[in-house]
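**Student:** got a structure for you, letters missing:
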């Protein structure tokens, strides 16, 4: 059971419940935001309706703690042991424990709801714990005010399924304002056509955005001195347009190039999130087929878009995107 008093104030929860009672917000949205199950939602809303003025979530502090069952304890330790085995295998690109991932697996695979603090407590007591390395803070501000104003687009060649013994490319397109993943696909080989197909998928479903934000990969940009096909020195950087850029120009979509890898930080965060969870799932499943890996990818993208509260926006990407569309804050143009 999540500890609401550590994440929300009484006023915040009361406002959500008040709007629910007025039929302004659906129940599913409140459950996603608060991170609670349907049974707990109805228990809380019952208490709120009984006396809205004295309603408080602070009562959770005074509730006696209940010990988890022996079966749940075994399930936690079993998942932690699998995590340790994955981390210790140097061939796997996973180097730390992900307790949130274990929490989700306990619910989905074992039908056991356990708090994150309980899992961390068992991990520390049984040696399934690694001290986190401190990294420099990265500025991840939202720089856009409109949906479709800037689409972060990139590809990552990675060992997504270690048992497959081959690296696959993950191509993604992300709306900067909402952080909603508009497109995500695993491919055996990255190509210009694969990126053009990604454009087609986004344009047909969401419309033409205002701009695309990419790095200086040869698929996206001609750079004199690097791309040898025009080494007659009559063509300078950007005087030759790759096919991908031609498509965007024909569609009236602006292209913006990142000047450094650090500038691509926003798109890197979803990659890290997907990499961390997708690799773990593929290792547990012993996945060798890219088609099965794509199934797991769709599940994680669905979780990211519709269930995960983004650490920067503090909103679920889908609801943030829909809010922008309702408020007419969108630069997507109909195809």
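**Tutor:** Ah, there it is. Bear in mind the structure is a predicted one, so any value in this text is a computation, not a measurement.

**Student:** I'd say residue 209 and residue 152 touch.
**Tutor:** No: taking Cβ atoms under 8 Å as the definition, residue 209 is not a contact partner of residue 152, at 10.6 Å. C-beta: built from backbone N, CA, C; applies to glycine.

**Student:** Give me the common contacts of those two.
**Tutor:** When contacts are counted by Cβ atoms under 8 Å, 6 or more residues apart in numbering, residue 209 and residue 152 have residue 175 as shared neighbours.

**Student:** Which one's more surrounded, these two?
**Tutor:** Taking neighbours as other Cβ atoms under 10 Å, residue 209 and residue 152 compare with residue 209 leading, 28 against 23.

**Student:** Next up, the contacts around the closest residue to the more buried one other than its chain neighbours.
**Tutor:** Ranked by Cβ to Cβ, 6 or more residues apart in numbering and with sequence neighbours excluded, the top spatial neighbour of residue 209 is residue 148, at 4.0 Å. Counting by Cβ under 8 Å, 6+ apart, residue 148 touches 175, 177, 206-210, 330-333.

**Student:** and residue 148, how far is that from residue 249?
**Tutor:** From residue 148 across to residue 249, the span is 17 Å (Cβ to Cβ, to the nearest Å).

**Student:** picking that back up, take the contacts of residue 148 and, keeping just the buried ones, write it as a PyMOL select command.
**Tutor:** Applied in PyMOL, the following selects the buried portion of the contacts of residue 148 according to 16 or more other Cβ atoms under 10 Å:
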select buried, resi 175+177+206+208+209+210+330+331+332
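
**Student:** and stretch 156-172, how far apart are its ends?
**Tutor:** Start-to-end span of stretch 156-172 (Cα to Cα, to the nearest Å) is 9 Å.

**Student:** and residue 22, what does it touch?
**Tutor:** By Cβ under 8 Å, 6+ apart, residue 22 lies in contact with nothing.

**Student:** For the host helix or strand of residue 109, buried residues please.
**Tutor:** Taking DSSP states H and E as the criterion, residue 109 maps to helix 99-110. Buried residues in helix 99-110, counted by 16+ other Cβ under 10 Å: 99, 101-103, 105-106, 110.

**Student:** quick one: contacts of it?
**Tutor:** For helix 99-110, contacts defined as Cβ under 8 Å, 6+ apart pick out 72, 75-76, 79-80, 83, 112-116, 119-120, 123, 276-277, 280, 303.

**Student:** out of these, which are buried?
**Tutor:** By neighbour count, with 16+ other Cβ under 10 Å, the contacts of helix 99-110 hold 72, 75-76, 79-80, 83, 112-114, 119-120, 123, 276-277, 280 as buried.

**Student:** Check the residues you listed and tell me the two furthest apart.
**Tutor:** Taking Cβ to Cβ as the measure, the buried ones among the contacts of helix 99-110 span a maximum distance of 23.9 Å, between 72 and 276.
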